[in-house]
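Chemist: Quick one, what's the 3D model for this:
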Amino acid sequence: MVKNDFVDESKVHGLLFDVRRSVRYHNRRRQFFDRFSKLSDTFALLSGSGTIITVVSTLSTSNAPIYFAAATAIASAVNLVFGTKNNARLHHDLARQFIALEKRLIDPELTPAMLALVEADRLSIEAEEPPALRVLDLLCHNELVKAMGYGKEELFKIPFWKSAFANFYDVFPGSIKKHSAA
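Modeler: Have a look, this model is predicted:
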């Protein structure tokens, strides 16, 4: 990978692993926010349509328009409060920045000075990142371990119920251990 004898290849490999894990993390966050936004928009559209149909129909004396209108308001409020579209765009941009770092790391002419710049740029990107969800980050770690062909001892043992909530909340991330430590 790196042909320059003065560059610490284990340092490059570790940094490359971390950068690739960050790309996976931000792509997962972007996908989550995109899906959440689309689901919320779909729910608002269906509820809004239901309101219009109910008001126009002869059933306008029922409470259905109130329920549909409330559902539309709730879906729109959730989308607004969580800023799903903005968060999706943020994580898309962060993934692209990490991909740009990866491209620099795999440069066959990588020098120690270039490596130092990549490390500095990585820190700059991380300074702008929102706080990471640790369980989701460990899931991305496991995906990358498998993709790069590492042994099972490098995997973290993550129960399904923790991974199910990984995009919402960190459920006791400190209790997660590697397979070899279990």
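Chemist: Now do the domain split for this structure, please.
Modeler: Domains of the chain are assigned by automatic domain parsing as 1-130, 134-182.
Chemist: helices and strands of this structure: which one bottoms out on pLDDT?
Modeler: In the chain, the helix or strand scored least confidently by mean pLDDT, DSSP states H and E is helix 64-82, which has a mean of 80.
Chemist: Can I get that one as CSV, trimmed to CA atoms?
Modeler: Written as CSV, here are the backbone C-alpha positions of helix 64-82 (Å, rounded to 0.1, in the frame of the first residue of the first chain):
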residue,chain,number,x,y,z
ALA,A,64,-62.1,12.1,11.4
PRO,A,65,-60.8,15.5,10.0
ILE,A,66,-59.6,16.4,13.5
TYR,A,67,-57.7,13.1,13.8
PHE,A,68,-56.2,13.4,10.3
ALA,A,69,-55.2,17.0,10.9
ALA,A,70,-53.6,16.1,14.3
ALA,A,71,-51.7,13.2,12.6
THR,A,72,-50.4,15.6,9.9
ALA,A,73,-49.3,18.2,12.5
ILE,A,74,-47.5,15.5,14.6
ALA,A,75,-45.7,14.1,11.6
SER,A,76,-44.6,17.6,10.5
ALA,A,77,-43.6,18.6,14.0
VAL,A,78,-41.4,15.4,14.4
ASN,A,79,-39.8,16.1,11.1
LEU,A,80,-39.1,19.7,12.0
VAL,A,81,-37.9,19.1,15.5
PHE,A,82,-35.5,16.3,14.5
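Chemist: which secondary structure elements does that helix contact?
Modeler: Helix 64-82 sits against helix 9-56, with contacts defined as 3 or more Cβ pairs under 8 Å, 6 or more residues apart in numbering; DSSP states H and E. Glycine gets a C-beta too; all of them are placed from N, C-alpha and C.
Chemist: how far off helix 64-82 does the helix it packs on point, in degrees?
Modeler: Counting by axes from the mean of the first three to the mean of the last three Cα atoms, to 10 degrees, helix 9-56 lies at 160 degrees to helix 64-82.
Chemist: Ala147 versus Glu102, what's the distance?
Modeler: Here Glu102 is placed at a distance of 13 Å from Ala147 (Cβ to Cβ, to the nearest Å).
Chemist: Phe160 versus the most centrally placed residue in the chain, what's the distance?
Modeler: For the chain, Arg29 is the residue whose C-alpha lies nearest the centre (Cα atoms, centre = their mean; 2.0 Å). Computed as Cβ to Cβ, the Arg29 to Phe160 distance reads 20 Å.
Chemist: Next: Leu80.
Modeler: Between Leu80 and Phe160 the distance is 31 Å, computed by Cβ to Cβ.
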